[in-house]
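A.B. asks: pasting a predicted model and its sequence here:
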Amino acid sequence: MVTIHLQRTIAAPPDRVFDWLADPAGLATIPLVRRAEWAPDSAPPGVGAVRVVTGYGIWFHEKITAYDAPNSYSYLIIGSFPAFDHQGGTLTFTPDGEGTHVDWNTSYSHPLRGGGKAMEAVTHPLLSWSFGQILDNCARALER
């Protein structure tokens, strides 16, 4: 199993940071992702909403499983290529002075049909870097 844990303090209020990171458009700010949007039949934002992300060699659908704006939200990959066995992810937003401390945790594995341990060796550094870039892009967008 792979666990990714990132933390970042962003100089913006929790509600703005939460909204930016919960919106699928934030996922599309990294080179790996071509498009990210709410599923056509989804009713965003909130529990049950589905984000659809397509990228270079990847696609996934994430269902929002918990939504407590502006404190936290959780998601679960419910369909993907390559195949993921996702245990879920959670982003927590804590006021920190005049900014917001973001804590992002997610855990997953790839089943054998999705490349198994060999794919994990590829996706762990790639997703860790990508999530870090998303946080950096959020900071750049909001710390103006």
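C.D. replies: That came in fine, so what should we check first?
A.B. asks: now stretch 1-14, how far from the centre of its chain.
C.D. replies: Computed by CA atoms, centre = their mean, to the nearest Å, the chain-centroid distance of stretch 1-14 equals 10 Å.
A.B. asks: buried sites along that stretch?
C.D. replies: Judged by neighbour count using 16 or more other CB atoms under 10 Å, the buried positions of stretch 1-14 are 2, 4, 8, 10, 12-14. C-beta: built from backbone N, CA, C; applies to glycine.
A.B. asks: over to stretch 123-140?
C.D. replies: Within stretch 123-140, the residues that count as buried by 16+ other CB under 10 Å are 123, 127, 130-131, 134-135, 137-139.
A.B. asks: closest one of the buried residues of stretch 1-14 to residue 113?
C.D. replies: Among the buried residues of stretch 1-14, residue 2 lies closest to residue 113 (CB to CB), at 16.7 Å.
A.B. asks: for that closest one, give me its contacts.
C.D. replies: Residue 2 makes contact with 107-109, 120, 123-124 under the criterion CB atoms under 8 Å, 6 or more residues apart in numbering.
A.B. asks: check residue 75 too.
C.D. replies: Contacts for residue 75 (CB under 8 Å, 6+ apart) come out as 51, 62-65, 88-90.
A.B. asks: distance of the residue sitting furthest away from the middle of the chain from residue 114?
C.D. replies: Centroid-distance maximum for the chain: residue 97 at 24.3 Å, with CA atoms, centre = their mean. Computed as CB to CB, to the nearest Å, the residue 97 to residue 114 distance reads 42 Å.
A.B. asks: returning to what we had before: so which of the buried residues of stretch 123-140 belong to helices?
C.D. replies: The helices, defined by DSSP state H, take in 123, 127, 130-131, 134-135, 137-139 from the buried residues of stretch 123-140.
A.B. asks: and the average pLDDT for the helix or strand hosting residue 76 is what?
C.D. replies: Using DSSP states H and E, residue 76 falls within strand 72-81. Regarding strand 72-81, the rounded mean pLDDT is 97.
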